[in-house]
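Colleague: with the input below, show me the fold.
(one chain, ligands or ions: 1)
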Amino acid sequence: MATATIWEEIVDALNAANGGPHPGHRAVHAKGTVCSGTFRATPEAKRLSRAAHLQGDQVETTIRFSNASGDPNTSDAHPIAGRGMAVKFNLPDGEATDLVAVPLVVFLARTPEDFLEMTRARIPDPETGQPDPDKLGAYMAEHPEFGVAVQKGLPKLAPTTSFATSDYRALHAFCLVNADGATHWGRYTWEPEEGLDYLTEEQRDAAPRHYLQEEIRRRLAEGIARFTLEFTLANEDDPLDDPTAEWEGEHEVVELGELEVIEVVEEAETPDSPIVFDPMRLTDGIEPSADPILTARPKAYSVSIDRRSGEGAP
Ligand code: HEM
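Modeller: Sure, this is the predicted structure:
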């Protein structure tokens, strides 16, 4: 038997940490709602990048809002379920570029090896149904960045009243390259135009299990959800390759454009035609950093995609 790759081990560990595997579903962010919308960039975006979707013409987008858990039955009101917002910008040449984001401030692990160890430490003990506190404690002692990310992230992961009242960050640094070849490093944030709005404890207790999926349907049946795409420019000494490091102090923030989420796309994907959001699906005018988590993600995503689609599907 061939030895499993680290990417397979990561997906196996994610499955085990999420009460899975859950056949036919993503290993994480298993439950979601796909929407369509449009994006229009600001003139400032064009000054920073020559990327096709940042030139100011309206582009069609596909958006998937998700609950971050790998268990499709988790309640959207779970205090630490977390969310995701994945956006595919459909470019005029028929290609696409993706932007994948979550409501964390910084990421939980610095390398894929750490991510694997962290995920294994989170696997519930079959006897107690909870992660082994000794294993988790040992991991946290060795990796203080994990505790910091959880502490900073917890208030943001709390359930919001809507997918449209949460913010989302792509966490890694990317480099925008303009028509003259000038470069600007930064990090992306989607800010909801309606502002942030979290459930009260009372609302949380009363919230139906899939309330976020139901709410976005109701909202888009009646109107539009809007987000502003912001780019926080890196200062000279900000680390570009470490998604666990917060960029502290004053930073210039540039508004790159506005996303209008217009309607829900029913039955958007099937096992034969899965929708894939890939954080490394970039385009001319956007360069990745050497962040080892960013460069690792497509390899782990491929394992999940193979298992949930085509011949890997149940
Ligand atoms: C080593 C680190 C990471 C691993 C191993 C990992 C793993 C995965 C996997 C296996 C999937 C399912 C892919 C699919 O079946 O399509 C996924 C989806 C997702 N991940 Fe990650 N992830 C990592 C880091 C991150 C980070 C840093 C972010 C946010 C900045 C993020 C946000 C998301 C989102 C939003 C989705 C759902 C995308 C969709 O709706 O299709 N992940 N991740």
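Colleague: give the other helices and strands that the one helix or strand residue 86 maps to contacts.
Modeller: Using DSSP states H and E, residue 86 maps to strand 83-90. Other helices and strands packing on strand 83-90, by 3 or more Cβ pairs under 8 Å, 6 or more residues apart in numbering; DSSP states H and E, are strand 31-41, strand 59-67, strand 96-101, strand 168-169. The C-beta positions use only the backbone N, C-alpha and C, and glycine is treated the same way.
Colleague: out of those strands, nearest to the ligand?
Modeller: When the helices and strands packed on strand 83-90 are compared for distance to the ligand using Cβ to the nearest ligand atom, the nearest one is strand 59-67, at 3.7 Å.
Colleague: do any residues in the closest one lie close to the ligand?
Modeller: Yes. For a cut-off given as Cβ under 6 Å from any ligand atom, strand 59-67 has contacts with the ligand, namely 64, 66.
Colleague: helices or strands up against that strand?
Modeller: strand 31-41, strand 83-90, helix 211-222, strand 253-264.
Colleague: if we go to 6 Å?
Modeller: strand 31-41, strand 83-90 (3 or more Cβ pairs under 6 Å, 6 or more residues apart in numbering; DSSP states H and E).
Colleague: just the angle between it and helix 211-222, please?
Modeller: Here strand 59-67 runs at an angle of 150 degrees relative to helix 211-222 (axes from the mean of the first three to the mean of the last three Cα atoms, to 10 degrees).
Colleague: adjacent strands (with direction) for strand 59-67?
Modeller: Each strand paired with strand 59-67, and its direction, by DSSP bridges: strand 31-41 (antiparallel), strand 83-90 (antiparallel).
Colleague: surely residue 41 meets residue 259?
Modeller: No. Residue 41 lies out of contact with residue 259 (Cβ atoms under 6 Å); the separation is 10.3 Å.
Colleague: quick one: contacts for residue 55?
Modeller: residue 46 (Cβ atoms under 6 Å, 6 or more residues apart in numbering).
Colleague: and the pLDDT at it?
Modeller: We have a pLDDT of 98 for residue 55.
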